[in-house]
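Undergrad: Need coordinates for the below:
(one chain, ligands or ions: 1)
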Amino acid sequence: MTTIHLALVDDWELSGNGSGDIRRLQFEPLRRLVSIYDRLGIRGSFNAEVMQQITFRQHENEHNELKVLADEWDDVVRETFRQGHDIQLHIHPQWQNSEYKDGRWNLTADWSILNYSREAARQMLLRGKEYLENLLRDINPDYRCVSFRSGAWCIAPSPHMLDLLVELGIVFDMSIVAGVKYDTRNIKLDYTNCEEDFLPYYPVMTDARRVSDKVEPIICVPTNCFYASRRQVLRHHLDKTVTKISSKINGPTTVSNNGRSVEAYGEQWAQIDGSLMARVYRKAIIPYLRGKHTISDLAQLDYALMMEMLNSIRKRSRASGLADVPVVLENHTKDLHNFSDLERFLEKAAASSDIKFITLTELARNLKATFKIKTQSLLEHAATNNR
Ligand SMILES: [Zn+2]
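TA: Numbering: from 1, shown residues only. Model (predicted):
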């Protein structure tokens, strides 16, 4: 039997454009999620988006309300860490040089860290790492940032991003989620041809989508994705449509998703590529051929889809022939509105003998000792064996 080492990872942040009520999008759902973890004896991991926090701090002298919120952010992070959960590094560059006016943020900087110079990217990573390490080292002097997830998954290709992470002492990156492709106003990236979408691997240092032919100073652990069945996708969409219609009938006050408007999200992430036919193909035809490509983001899944995700993970773990497989899941506290499905899923997983929960720090510590790290020659070897 293969043991699945599941890392429950949550990108903890405001909306991509800086909007939203920080208490409702971050502090309250985080505390609620942590209380579920604590009840089940699970230790989770939170990728604290730290550019936002640094920006709050930059403006706190002119705006006392920002100081109050930034202090509370520190408190929540420290309280979570003290309870045994992990805090790791997540960076959204669009917070750089932002303006704060009439209680609102205006974010104008580029969303993709891939579009910044080596030095600008280095500064953001370094400041983020130092902020978290300064915050948490008096609770645990050994604390350090060991993993990275880039804002909007932007890690490849890049002539310097992986080198910078190595320089900062990052052990593994989890920004690759195979199969996603964005061509939006804010983000352009193409991960449709990743060479490994499930197991840890040594990446080509200038293109994390590719597997290196040798041992490298950093490891990629892909964020999990799966193909959801037609039946579940259809049912999930129908449920969502019913929710939307009933909230329209009940008036605009109930439309809000933790204070985050669905319309604003759609506008931020609208795909600008392709003809009508291309969109129909992507949205309607492909899902019916292969199942719908789905990021394992628990905030976006209901219980039935989470169980499909777990079945896919089990199948692939078994097929790997390995005794131990690490799997990184995604979550967004800001998008979590159905805690009961998540809780039910976690209860089920916690009771399964083939699943162990691990934090990102534990994953970093055990990567080479416990888990097999792929190189290109291992990939070829596996391909030959499968033939
Ligand atoms: Zn993020």
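
Undergrad: Name the secondary structure element that contains the residue of the chain at minimum distance from the ion.
TA: Closest to the ion within the chain is Asp11: 4.1 Å, counting by Cβ to the ion. (C-beta placed from N, C-alpha, C; glycine too.) Here Asp11 sits within strand 3-12, counting by DSSP states H and E.

Undergrad: can you give me the helices in the stretch 1-150 of the chain?
TA: Secondary structure of the stretch 1-150 of the chain (DSSP state H, counting those that start in this stretch): helices at 22, 28-40, 50-58, 64-82, 118-136.

Undergrad: can you check the stretch 151-300 of the chain too?
TA: Along the stretch 151-300 of the chain, counting by DSSP H, counting those that start in this stretch, helices occupy 161-167, 230-249, 262-269, 276-280, 286-290.

Undergrad: quick one on the thing from earlier: who are the neighbours of the strand holding Asp11, in terms of helices and strands?
TA: Using 3 or more Cβ pairs under 8 Å, 6 or more residues apart in numbering; DSSP states H and E, the elements in contact with strand 3-12 are helix 28-40, strand 45-49, strand 86-91, helix 303-320, strand 324-329, strand 355-357, helix 360-370.

Undergrad: so what strands line up beside it?
TA: strand 45-49 (parallel), strand 324-329 (parallel), strand 355-357 (parallel) (DSSP bridges).

Undergrad: Output these as a markdown table; include the columns mean pLDDT, distance to Asn97 and mean neighbour count.
TA: Converted to a markdown table, these look like this (pLDDT from 0 to 100; distance: least, Cβ to Cβ, whole Å; neighbours: other Cβ atoms under 10 Å):
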| stretch | mean pLDDT | distance to Asn97 | mean neighbour count |
| --- | --- | --- | --- |
| strand 45-49 | 98 | 17 | 26 |
| strand 324-329 | 98 | 31 | 23 |
| strand 355-357 | 98 | 39 | 18 |
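
Undergrad: Could I get the helices of the stretch 1-150 of the chain in JSON lines, plus columns for distance to Lys374 and mean neighbour count?
TA: What follows is these, written out as JSON lines (distance: least, Cβ to Cβ, whole Å; neighbours: other Cβ atoms under 10 Å):
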{"stretch": "helix 22", "distance to Lys374": "40", "mean neighbour count": "20"}
{"stretch": "helix 28-40", "distance to Lys374": "30", "mean neighbour count": "17"}
{"stretch": "helix 50-58", "distance to Lys374": "30", "mean neighbour count": "21"}
{"stretch": "helix 64-82", "distance to Lys374": "32", "mean neighbour count": "16"}
{"stretch": "helix 118-136", "distance to Lys374": "25", "mean neighbour count": "17"}
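
Undergrad: Let me have these in a markdown table, adding mean pLDDT as columns.
TA: Listed next are the helices of the stretch 1-150 of the chain as a markdown table, based on pLDDT from 0 to 100:
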| stretch | mean pLDDT |
| --- | --- |
| helix 22 | 97 |
| helix 28-40 | 98 |
| helix 50-58 | 98 |
| helix 64-82 | 98 |
| helix 118-136 | 98 |
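
Undergrad: For those, please prepare a markdown table with the additional fields distance to Phe357.
TA: Shown next, in a markdown table, are those (distance: least, Cβ to Cβ, whole Å):
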| stretch | distance to Phe357 |
| --- | --- |
| helix 22 | 27 |
| helix 28-40 | 9 |
| helix 50-58 | 24 |
| helix 64-82 | 15 |
| helix 118-136 | 20 |
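
Undergrad: Adding distance to the ion as columns, could you present the ones you listed in CSV?
TA: Converted to CSV, the helices of the stretch 1-150 of the chain look like this (distance: least, Cβ to the ion, whole Å):
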stretch, distance to the ion
helix 22, 14
helix 28-40, 14
helix 50-58, 9
helix 64-82, 15
helix 118-136, 12
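
Undergrad: quick one: buried residues of stretch 364-376?
TA: Buried residues in stretch 364-376, defined by neighbour count with 16 or more other Cβ atoms under 10 Å: 364, 367, 370-376.

Undergrad: and the least confident of those?
TA: Taking the buried residues of stretch 364-376 together, the minimum pLDDT is found at Gln376 (84).

Undergrad: my guess is it meets Ser212, correct?
TA: Yes - with contacts counted by Cβ atoms under 8 Å, Gln376 reaches Ser212, the gap being 6.3 Å.

Undergrad: in this protein, which helix or strand is least confident?
TA: The least trusted helix or strand in the chain, going by mean pLDDT, DSSP states H and E, turns out to be helix 262-269, with a mean of 53.

Undergrad: ok so, going back, just the C-alphas of the strand holding Asp11, formatted as PDB.
TA: Extracted C-alpha coordinates of strand 3-12, given in PDB (Å, rounded to 0.1, in the frame of the first residue of the first chain):
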ATOM      1  CA  THR A   3       1.000   6.100   2.000                       C
ATOM      2  CA  ILE A   4      -0.200   9.500   0.800                       C
ATOM      3  CA  HIS A   5       1.400  12.400   2.700                       C
ATOM      4  CA  LEU A   6      -1.200  15.100   2.200                       C
ATOM      5  CA  ALA A   7      -0.200  18.800   2.700                       C
ATOM      6  CA  LEU A   8      -3.200  21.000   3.200                       C
ATOM      7  CA  VAL A   9      -2.000  24.300   1.900                       C
ATOM      8  CA  ASP A  10      -4.000  27.500   1.900                       C
ATOM      9  CA  ASP A  11      -3.100  30.800   0.100                       C
ATOM     10  CA  TRP A  12      -4.100  33.400   2.600                       C
END
